[in-house]
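Visitor: sharing a sequence plus its predicted fold:
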Amino acid sequence: SDDGPSLPTRQNEEFRPFIRRLPEFKFWHSATKGILVAMACTFFEAFNVPVFWPILVMYFIMLFCITMKRQIKHMIKYRYIPFTHGKRKYKGKEDVGKTFAS
């Protein structure tokens, strides 16, 4: 059950450093290529497709739900609520029998 690189636990084990799933250079390289392709597409009229805005909104919501499915399941599992309705108020035991000298 090897979950990935970890620190040695015994004296005779070797150190295995943390290895990222996506190295930083590959990320920036792919992001730069994507931006350059998007910029190049703006120069051609063939890519200027008219879009009905409600369809675009529904497409955005659908993509958001698909990409956030894992995070939303995790939030539901651990009952995480990303917003609050104010601070909780705790009531202590009421001391009815105590009197104060004035």
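Guide: Alright, I've got the coordinates. Numbers count the residues shown, from 1 in each chain.

Visitor: what's the neighbour count on residue 42?
Guide: 8 (other C-beta atoms under 10 Å). C-beta here means a position set from N, CA and C on the backbone, and glycine is covered the same way.

Visitor: try the one 3 residues further on
Guide: Using other C-beta under 10 Å, residue 45 is surrounded by 5 other residues.

Visitor: residue contacts, it?
Guide: Under the criterion of C-beta atoms under 8 Å, 6 or more residues apart in numbering, residue 45 has no contact partners.

Visitor: shaky segments in this structure?
Guide: By pLDDT under 70, the weakly predicted segments of the chain are 1-13, 15, 84-85, 92-102.

Visitor: what do you get if the cut-off is 50, keeping everything else the same?
Guide: The chain contains residues with pLDDT under 50 at 1.

Visitor: would you list every one of the helices in it?
Guide: 24-41, 53-67, 69-77 (DSSP state H).

Visitor: now render those as TSV, adding mean neighbour count and distance to residue 87.
Guide: As requested, these are exported to TSV (neighbours: other C-beta atoms under 10 Å; distance: least, C-beta to C-beta, whole Å):
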stretch	mean neighbour count	distance to residue 87
helix 24-41	10	40
helix 53-67	10	30
helix 69-77	10	21
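
Visitor: residue 16 is nearest to which of those?
Guide: Of all those, it is helix 24-41 that lies closest to residue 16, at 19.3 Å by C-beta to C-beta.

Visitor: contacts for that closest one?
Guide: In this structure, residues lying in contact with helix 24-41 by C-beta under 8 Å, 6+ apart are residue 47.

Visitor: what's the spacing between the residue nearest the centre of the chain and residue 82?
Guide: In the chain, the centroid-proximal residue (C-alpha atoms, centre = their mean) is residue 71; its distance is 6.4 Å. Residue 71 sits 11 Å away from residue 82, going by C-beta to C-beta, to the nearest Å.
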